[in-house]
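Asks: Could you look at this predicted model? Sequence included:
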Amino acid sequence: MEIVKFSENDSVEELTNLLHSSYKRLADMGLKFVATYQTSEYTKSFLKNGECFIIKENEMIIATVMYYNSFFMKEEDAPAWYKKDFVSYFGKFAVMPEYQNKGIGGMLMDFLEEYAKSKGKTELALDTSEKALHLIDYYKKRGYRFIEYHQWDVTNYRSVVMSKKLSS
């Protein structure tokens, strides 16, 4: 499987549907992640905020992640950690439910960690709901540690910001 950048030839609707289906478990927990309800128009505008990487199988998008440099998140609502120059972060990390637990997410994470290093970053960060214990455990196993709590104005939960030191 090859990781490529999302292009104008790829379907924004398909990407949005992937996010909805991948985040459904979190929605079912009552967590209001933006990826659980965002529209295709929102997805299209959001793609300008970072670099979107995807994995396809049989021309269908089965996994995605958004990579952000620290300069994107300078607004007041952002976690303090995201504003540091040596930090990049990611979000909209999704693997189609039927493709989960097959190493695809780990492959995307490995790629992202190397990509951040190639951009001169020494930390890669993320945030997720403090109630999404399965995700927190997944990131802890990958070497991510707790940094701080953050409350986004568009969610109904408190986030945990986690980060990993990238080895040189």
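Replies: Sure, I can see it.

Asks: So what pairs up with residue 123 in the strands?
Replies: residue 87, residue 165 (DSSP bridges).

Asks: okay, now it: neighbour count?
Replies: The tally of other residues near residue 123 (other C-beta atoms under 10 Å) stands at 18. All C-beta spots, glycine's among them, are computed from the backbone N, C-alpha and C.

Asks: show me what contacts it?
Replies: 84, 86-88, 116, 163-166 (C-beta atoms under 8 Å, 6 or more residues apart in numbering).

Asks: Tell me who's in contact with residue 22.
Replies: Applying C-beta under 8 Å, 6+ apart, the residues near residue 22 are 35, 94-97, 100.

Asks: Repeat that for residue 145.
Replies: Residue 145 neighbours (C-beta under 8 Å, 6+ apart): 162-164.

Asks: PyMOL command to pick out the buried ones of these?
Replies: Here is the PyMOL selection string for the buried members of the contacts of residue 145, based on 16 or more other C-beta atoms under 10 Å:
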select buried, resi 162+163+164
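
Asks: Kindly reformat the contacts of residue 145 as CSV and extend each row with distance to residue 131.
Replies: Compiled in CSV, these are given as follows (distance: C-beta to C-beta, whole Å):
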residue, distance to residue 131
162, 14
163, 20
164, 21
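
Asks: Could you take the contacts of residue 145 and lay them out as CSV, with extra columns for pLDDT?
Replies: Formatted as CSV, the contacts of residue 145 follow (pLDDT from 0 to 100):
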residue, pLDDT
162, 98
163, 98
164, 98
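
Asks: okay, now residue 64: neighbour count?
Replies: With other C-beta under 10 Å as criterion, residue 64 counts 25.

Asks: Now do the same for it: helix, strand or coil?
Replies: strand (DSSP: H, G, I helix; E, B strand; the rest coil).

Asks: If we go by neighbour counts, what in stretch 13-21 is buried?
Replies: Buried-residue list, stretch 13-21, by 16+ other C-beta under 10 Å: 14-16, 18-19.
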